[in-house]
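# Fold the stuff below for me.
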Amino acid sequence: MFNLGEKMDRAKAKNLNPVALAFLGDAVYSLFVREKLVFGKDCKTGELNKLAVAEVKATAQAKFFKDIEGLLTEEETAIYKRARNAKKPTKAKSASVAEYNVSTGLEAVVGFLYLTGDTERLNFLLNAGESESK
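Down below sits the predicted model:
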């Protein structure tokens, strides 16, 4: 049996394929954005979806990462760089290769923090980027 939110040892998580961390981080980042919108906006689901897509696309994630890059720890920076530089099974659809690589790195950091249960740090980074973007 598997339980949602199960935690993984940091050393084990660091050794995961960085693209697998990004795979999980993509979902976590999307959930963060969707929850933030539901809590903060009173609009129809079609509008919520447009707003969410605008925030989770690779170009927006790359811009968001630039806002928080200086806040990363040495460990988070290493995870980011591994994912950014990793060979990816898909190509960017509406972003440059550079933006897609940055967004993959961001997603890997998000995935790592979520997987290891470091939600306090994850929330700090996600909200720090929010305040930097305003």
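
# Now do the helices in this protein.
Assigned by DSSP state H, the chain shows helices spanning 10-14, 18-40, 45-56, 58-68, 74-85, 97-115, 119-133.

# Tell me which of these is the most buried.
Mean neighbours per residue, mean count of other CB atoms under 10 Å, is largest over the helices of the chain for helix 97-115, with a mean of 24. Placement of C-beta: from N, CA and C, glycine included.

# same for it, what does it pack against?
Packed against helix 97-115 by the contact rule (3 or more CB pairs under 8 Å, 6 or more residues apart in numbering; DSSP states H and E) you find helix 10-14, helix 18-40, helix 58-68, helix 74-85, helix 119-133.

# Point to the residue nearest the middle of this structure.
Closest to where the C-alpha atoms of the chain average out (CA atoms, centre = their mean) is residue 107, at 3.2 Å.

# give the contact list for that one.
Going by CB atoms under 8 Å, 6 or more residues apart in numbering, residue 107 touches 21-23, 25-26, 29, 61, 83.
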